[in-house]
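# Fold the following.
(chains A and B)
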Amino acid sequence: MRAFHTLRTKNNLDFKLADFEILTLIISALEWKKHNGEIFLYTDSVGRKFLKDVGILEIWDGVETSLDEMQELGIDEKIFWAGAKLFALRQQNFPCVMIDLDFIVWRKIDFAQFKSDVAVIHRESTDIPCYPDKNYFRFKNNFSLPQNLNWTLEPCNTAFAYFGDKNFVKAYCEFAFEFMKSAAPTENQTGWDLLPYMVFVEQRWLAMCAENCGVKVHSFSNIFELFGGQKFFTHIWGHKQILRENPADAEKFCRDCAERIKHDFPDWAEKFSVHCKNSVQKFFQ
Amino acid sequence: MEEKNLFDYHSLQEVAENFSLTELFTLAKQKNLDEWLESNFYTTESQQLITALDDKVSDAELKLIICKIFNLDFETLSADELDEISRCVAKNQRHELFFDKRNDGKKAAFVETQSELVRELQNGAEVLYLYGGEFRIPHNLHGKTYIGRNNAVIDFTDDGDIDFDERDIIFEGLQIFIHHPVTLRVEKSKNVKILNGSRTALESRPTLQEIFSILRGRNPFESAENFSQRVEEMRGVAVGTALLKDENYFYDAATFEFAPKWNFEYVAILKGYVNGKDFYVKLSPEDAQRLYINERKLQIFADFAYIDGKLTILNLYFETETLGRIFIENILRALKGKQFDADEKFSSGSGILALGYGLELITNYED
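Sure thing, here's the model as predicted:
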């Protein structure tokens, strides 16, 4: 099964990834290739250069810089930082899998069962504070949310998502981009108040669109199982913030990741020990 | 173990070395300590203690006096005692800074809380220095002077006009927040600002009857569009009050937090909206200070909407004389303290509230 990663730098020349992020995405890509198939990276020019300079560009089966085109879209990427994922999604052939850089799949998965449906890693409760009611959102250009949206549906976490049908993805992405272009938060919706806009379009709209299109949404797992000792999936997720704030923990995490890469992919570890031009290299020596 | 006897010791140092603050405090309350001081020729210190006991000073104040008399070592005090003493010291310093000892021979008191105010009034104080907080004063106690310090506010909840001049009640340097449209005669007072907290709504409409009619919900024979239109007219409804406290201004974030007091008439709409949230306004330090000095207590106004069959709040704001309309923002308590970073690479936005999962699998090498 073909998968893709997305890395968006907005062509910011100061862009950096922390060591733990680099090591995580290496594991994500290599474990996918080991168990499930090809994986491609969709990024922009600066992203490509960054990863080339790190010395890990070859871990993917191909690298596209089509995200350079995002500059022309008129989307505020401060609000819609994950808009790049959807931009990359609409360039895919189907079926395909969208996988976050900090998500690792440790086993082979049988995707054939999902056919032309959608499958997401887990659903989320609308009780989470980032899912307010529709009156929360503000728009410009006479855009408004359709009346027929079902606000009771559980949003879909898209850290790991399978898409089986191109027509569904077209409908999902078309509306998503209209939403993103038309979003006009009020002046007192700042900081964390902007988060609902992003998670609506990426995660909540996915469930609503699927219902409208008559597409079934499967879940690979649920939140209890995922936190309850399963052996299939790793998602760094909010733990990234803990690693950012605790350098000692981040250091240990990096060593653990490097040891795992050495164990599972000794040839790659050998290459990284020689060719990585980044502080990551020290973990392989 | 042999019980200690205070009267076996004859110097301040010996007592300090052999008795804890708690023990000395108990001995002071039992009137043994001042007796010991007197019998060992510490006359001045004895008198200090007697005066404190006669004046019924607070426990913290008494402990502070004992600490000073016996020059107790900080390290012999528990954390709680040290904390209590520190707060007492800070309060005494505020007293020194803000209390004017010249009161024309009248009995004066410096108070920081309502219960201190009541106690001092019961003790016959005629001049009351009100520091920092919000107070209610009895307007049937004539001949009192209330002097505000650090922007103290008087909360006036009566709904009848009062002639304070006739009652010889004088205010100085205070903000008086009125809850009803009353007239207060305060011509003898100085530097008093009346804050209007009596509005039902910012404009002449909606009236209270119109508001109550809408709170009852849509008439079954009324279209949703018509009801929605009526709700649209519910603009600038007074739904609560806020008292600004200087310690809740955060300079780096330029935010002024406050704990709203909501009007129970709107409990059905508000309870879902306010649940789990903290409220604040964004103000520069200069604006925050101006607002604090001029309008420390404010009404909170709301605009409403009717969406998906539900009455809901669109906006909350203050309408101030000092700075005009200030929108009130809120943050979910679960998110407080977390820095929002637009470049933060959360793969899924909902991850701000979650840790990771399956992290242990990175070091789990089983096939």
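
# After the helix or strand harbouring B:K271, heading C-terminal, what element do we hit next?
Assigned by DSSP states H and E, B:K271 belongs to helix B:267-274. Using DSSP H and E, the helix or strand that follows helix B:267-274 in sequence is strand B:277-282.

# distance between the ends of stretch B:153-166?
22 Å (CA to CA, to the nearest Å).

# What average pLDDT does the helix holding B:K271 get?
Throughout helix B:267-274, pLDDT has a mean value of 78.

# Report the buried residues of it.
Across helix B:267-274, burial judged by 16 or more other CB atoms under 10 Å in any protein chain shown covers B:I269, B:L270, B:V274. (Glycine included, C-beta is placed from N, CA and C.)

# Okay, and the beta partners of B:V281?
In this structure, B:V281 bridges to B:F256 when assessed by DSSP bridges.

# Let me see the contact set for it.
Neighbouring residues of B:V281 by CB atoms under 8 Å, 6 or more residues apart in numbering or on different chains: B:T255, B:F256, B:F258, B:F318, B:I326, B:F327, B:I328, B:E329.

# could you redo the buried residues of helix B:267-274 as a markdown table and give each row distance to B:K310?
Listed next are the buried residues of helix B:267-274 as a markdown table, based on distance: CB to CB, whole Å:
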| residue | distance to B:K310 |
| --- | --- |
| B:I269 | 9 |
| B:L270 | 13 |
| B:V274 | 15 |
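
# Quick one: neighbours of residue 202, just the number.
Using chain A. 27 (other CB atoms under 10 Å in any protein chain shown).

# Let me rephrase: I mean chain B.
16.

# about what we covered before: so which of the buried residues of helix B:267-274 is the closest to A:F20?
B:V274 (38.3 Å; CB to CB).

# one step back: how about the CA coordinates for the helix holding B:K271, as CSV?
As requested, the backbone C-alpha atoms of helix B:267-274 are provided in CSV (Å, rounded to 0.1, in the frame of the first residue of the first chain):
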residue,chain,number,x,y,z
VAL,B,267,-28.0,30.6,34.2
ALA,B,268,-29.6,28.4,31.6
ILE,B,269,-27.6,30.0,28.8
LEU,B,270,-24.4,30.7,30.7
LYS,B,271,-23.7,27.4,32.4
GLY,B,272,-22.7,25.6,29.2
TYR,B,273,-20.8,28.5,27.9
VAL,B,274,-18.7,29.3,31.0
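
# Can you give me the pLDDT of the closest residue to chain A within the stretch 1-150 of chain B?
Going by CB to the nearest CB, chain A is nearest to B:E134 of the stretch 1-150 of chain B, at 26.8 Å. pLDDT for B:E134: 94.

# tell me the contacts of the nearest residue to it once chain neighbours are set aside?
Among residues not flanking B:E134 along the chain, B:V153 sits closest, at 4.8 Å (CB to CB, 6 or more residues apart in numbering or on different chains). By CB under 8 Å, 6+ apart, B:V153 lies in contact with B:G133, B:E134, B:F135, B:L174, B:Q175, B:I176, B:F177, B:L195, B:L243, B:R296, B:K297.

# if you look at those residues, which of them are in strands?
B:E134, B:F135, B:L174, B:Q175, B:I176, B:F177, B:L195, B:L243, B:K297 (DSSP state E).

# what about residue 128, how many residues close to it?
Using chain A. A:I128 is flanked by 18 other residues according to other CB under 10 Å.

# switch to chain B, that's the one I care about
Applying other CB under 10 Å, we find 23 residues neighbouring B:L128.

# that older thread, reformat the contacts of B:V153 as TSV; add neighbour count.
Listed next are the contacts of B:V153 as TSV, based on neighbours: other CB atoms under 10 Å in any protein chain shown:
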residue	neighbour count
B:G133	18
B:E134	17
B:F135	22
B:L174	23
B:Q175	22
B:I176	22
B:F177	23
B:L195	22
B:L243	17
B:R296	22
B:K297	20
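
# so where do the helices sit in chain A?
Taking DSSP state H, the helices of chain A run over residues A:19-35, A:45-54, A:83-89, A:166-182, A:195-199, A:205-213, A:223-226, A:239-245, A:247-264, A:266-275.

# in the second one, what counts as buried?
Right, the one you point to is helix A:45-54. For helix A:45-54, by 16+ other CB under 10 Å, it's A:V46, A:G47, A:R48, A:K49, A:F50, A:L51, A:V54.

# For chain B, state which of those is nearest.
A:G47 (11.7 Å).

# can you pull the contacts of the residue of the stretch 1-150 of chain B closest to chain A?
Taking CB under 8 Å, 6+ apart as the contact definition, B:E134 lies against B:Q114, B:A152, B:V153, B:I154, B:D155, B:L243, B:K297.

# how much space is there between A:F232 and A:A176?
28 Å (CB to CB, to the nearest Å).

# no, scratch that, I was asking about A:G55
Counting by CB to CB, the gap from A:G55 to A:A176 is 34 Å.
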